[in-house]
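whatever this is, show me its structure:
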Amino acid sequence: MTRAIDIDEGTAAQGHRAMSGEACALADALDHARQSLEPVTWRVAVGPDSVYAIEAVHRLAAESGIDVRFVPSSELAGPERVFFDDYVRYRLPITTGERLKRFAEEWTAAGLEALSAMVGLVLPKGAPPKAPDRLNSVVIIGAYGGDHIGDAAILGGTLRGLHTRYGVTRATVMSGRPAHTRKLAEGLSTPVEIDVAPYRAGEVRRALAEADGLVLGGGPLYGSPRILARHLAAVSSAHRRGLPFLVERIGLAYFGNAPTRWAGRRILESASRISVRTSASARHPLMEGLAAEIDRDPAFDYLEARGALDRLSTADAEAVGAILAGADDSLKIGINLRPTLDQWRDLSDLSRDTVDRVFMAKLAEGLIAFARASRRPVTYVFFPMNAIQLGMSDLSAAYELRRAVKGAVDLRVWEADAGLDGVVHLLRRLDAAMAMRFHASIFAVTQDLPLIGLDYFSGAGGKVSELLTDLGRPEDASTVGRFTPEWLVERLVGRTTGSF
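Residues are numbered from 1 along each chain as shown. Sure thing, here's the model as predicted:
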């Protein structure tokens, strides 16, 4: 006989409190369930006040052998409902049949996009149109749809750049998940009117019918067959209309096979103008023989221009005030981590860590050692850049960090899908930051916050290491593989002068 227990919304939001050893209703519920002689199922209420905390309560329950059934309230709507549905899709167990169905749906969609791109194979290559001096309306393509707030900053900077250089006043952004991209776009403050449409060939053609050009704007160009197929179809549509195609401050990443390299090269050859965000991208094999301007990531432009935070939501402002309550005299250090294992299509095995466990243990050791050595009390504040499971949730990393430090430090986790201005508002109240996501690093740098970079790429490192090298501080970055607690303490001491 299974014993069913109701967990109300307030209790469901106490996962991190229970993990830190704090007395609370959830800690009591865990103790009672562990002592039960019969199987226990929790019926967990999910509403606006608890939705962003469900991963912590879910994984705590799983570790104690407790089955969980989520009960969403009628008040769960809008972005909170989208977040919940995303969590359910990726974190709850699925049958083999459902897994095969998802696989088939993805490949069917990819096949249709590939058919749309086939027209690009028969069009005469020709010379791309000359880059114009003025554009009023553009269609923007990229990797939009799996966005987090770093991608929103990229879009904001791309729009500012297009407005400054070409006079653009209207833009249609093509997205794999329009509702999600629209939510992020609403948090931007730009002189450009933004519309968002599904990234499908027919929608691109309709948008181009009222536009002056096509832009591959910001973010990476990489060897995803599905995304490359979309781009080829979009470029072909622009070519048929005689519209200029601009490549604006992209990064060139990994292309794993000849077909994707061919597609990437065909896209670049069709451009009227190319700019890339690093010298490494300019030297990429796909760029051989092509002229490109080298500029910086567009997120810099947007974030450096943020003075008054006119898109700061009341909810984010209140959340930052609450998470920093009582920490006025503390040394406040922000932490952003992302999962190091990119396997987001099925995350239903809650016993599997998303961050390398050896690295996490070393990180916890370093955080504890620094807090003990500091003359001032230390408060660590975890902030997510991507809260949703698609693209790997930073809140998964927060849970594993909480478990690793075992309540030995003052660690506060912002459980939210925070807006861009919300994260900037938080960073302006901190003393230093440690970041694993590239754009979390850019956020910190643009707010003049001392930065320690944690690079999840192997070998010599990736974008985070390159950023700190470009800033003249290569010693402030470490890869996960080279990381040691002693290095972290040394760098934190060096970047937080006056704490010792």
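
what sits against the nearest residue to N336 once chain neighbours are set aside?
Leaving aside its sequence neighbours, N336 sits nearest to A440 (C-beta to C-beta, 6 or more residues apart in numbering; 3.9 Å). For every residue, glycine as well, the C-beta is placed using N, CA and C. Contact partners of A440, counting by C-beta atoms under 8 Å, 6 or more residues apart in numbering, are G150, N336, F383, M385, A433.

distance check, A229 against A171.
As judged by C-beta to C-beta, to the nearest Å, A229 and A171 stand 22 Å apart.

circling back: and the contacts of A440, which is the shakiest by pLDDT?
Here the lowest pLDDT out of the contacts of A440 sits on G150, with 92.

does that residue really touch H439, like I thought?
Yes. Applying C-beta atoms under 8 Å, one finds G150 in contact with H439, separated by 2.5 Å.

which neighbours do the two share?
Looking at what touches both G150 and H439 (by C-beta under 8 Å, 6+ apart), the common residues are A299, M385.

quick one: neighbours of A238, just the number.
Applying other C-beta atoms under 10 Å, we find 26 residues neighbouring A238.

swap in S74?
6.

make 781 the first number, not 1, from now on.
Noted, 781 is the first residue going forward, which turns the last one into S854.

check the secondary structure at it for me.
Of the three states, S854 takes coil according to DSSP: H, G, I helix; E, B strand; the rest coil.

now it: how far from T952?
Per C-beta to C-beta, S854 is found 34 Å from T952.

please name the nearest non-neighbouring residue to P1164.
In space, and not counting its chain neighbours, P1164 is closest to D1174: 3.7 Å by C-beta to C-beta, 6+ apart.

just for this protein, where's the confidence low?
874-906, 1122-1125, 1278-1280 (pLDDT under 70).

where's the nearest residue to R957 once chain neighbours are set aside, which helix or strand?
Closest residue to R957 apart from its sequence neighbours, by C-beta to C-beta, 6+ apart: G925 at 4.1 Å. Under DSSP states H and E, no helix or strand contains G925.

on that earlier part again, tell me the one among the contacts of A1220 nearest to L806.
Nearest to L806 out of the contacts of A1220 is F1163 (C-beta to C-beta; 22.6 Å).

wait, that closest one sits on E1195?
No. The pair formed by F1163 and E1195 falls short of the contact definition of C-beta under 8 Å, at 10.3 Å.

counting neighbours, go ahead and name the busier of the two.
The residue with more neighbours, out of F1163 and E1195, is F1163; 27 against 24, by other C-beta under 10 Å.

skipping its backbone neighbours, what lies nearest L1001 in space?
Closest to L1001 by C-beta to C-beta, 6+ apart is I1030, at 5.2 Å.

ignore what I typed, I meant R985.
Nearest non-adjacent residue to R985 (C-beta to C-beta, 6+ apart): S1017, at 5.1 Å.

got it, and E966?
R1091 (7.9 Å).

whichever strand or helix holds L1026: partners in the sheet, and parallel or antiparallel?
Using DSSP H and E, L1026 sits within strand 1025-1032. Within its sheet, and counting by DSSP bridges, strand 1025-1032 is paired with strand 993-997 (parallel), strand 1000-1001 (parallel), strand 1053-1056 (parallel).

point out the most buried one among those.
Greatest average neighbour count among the strands paired with strand 1025-1032 goes to strand 993-997 (a mean of 26), per mean count of other C-beta atoms under 10 Å.

how about the strands paired with strand 1025-1032 in JSON lines, adding distance to F850?
Listed next are the strands paired with strand 1025-1032 as JSON lines, based on distance: least, C-beta to C-beta, whole Å:
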{"stretch": "strand 993-997", "distance to F850": "37"}
{"stretch": "strand 1000-1001", "distance to F850": "34"}
{"stretch": "strand 1053-1056", "distance to F850": "44"}
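
contact partners for the residue nearest to P1254 when sequence neighbours are not counted?
With sequence-adjacent residues excluded and distances taken as C-beta to C-beta, 6+ apart, P1254 is closest to L1248, at 5.8 Å. By C-beta under 8 Å, 6+ apart, L1248 lies in contact with S1221, L1231, G1233, P1254, D1256, A1257.

redo that, cut-off 10 Å
Contacts for L1248 were tallied using C-beta atoms under 10 Å, 6 or more residues apart in numbering; they are S1221, V1225, L1231, I1232, G1233, D1235, G1241, P1254, E1255, D1256, A1257, S1258.

just I921 next, same as before
952-955, 979, 984, 987, 994-997, 999, 1007, 1010-1011, 1013-1015, 1018, 1025, 1047.

okay, and which of the residues you listed map to helices?
V984, A987, I1007, R1010, H1011, A1013, A1014, V1015, A1018, I1047 (DSSP state H).

between these, which is nearest R839?
I1007 (31.4 Å).

now the residue nearest to that closest one when sequence neighbours are not counted, what's its secondary structure?
Nearest non-adjacent residue to I1007, counting by C-beta to C-beta, 6+ apart: A923, 6.2 Å away. Secondary structure, three-state DSSP: A923 is coil.

cool, and A1220?
The three-state assignment at A1220 reads helix, by three-state DSSP.

can you give me the strands in the stretch 1031-1180 of the chain?
1053-1056, 1073-1074, 1111-1116, 1158-1162 (DSSP state E, counting those that start in this stretch).

save those strands as CSV, and put in distance to A907 too.
Converted to CSV, the strands of the stretch 1031-1180 of the chain look like this (distance: least, C-beta to C-beta, whole Å):
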stretch, distance to A907
strand 1053-1056, 13
strand 1073-1074, 19
strand 1111-1116, 44
strand 1158-1162, 51
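
which one of those lies closest to G790?
strand 1158-1162 (21.3 Å).

so I1113 makes contact with L1206?
No. The criterion here is C-beta atoms under 10 Å, and I1113 misses it with L1206 at 11.8 Å.
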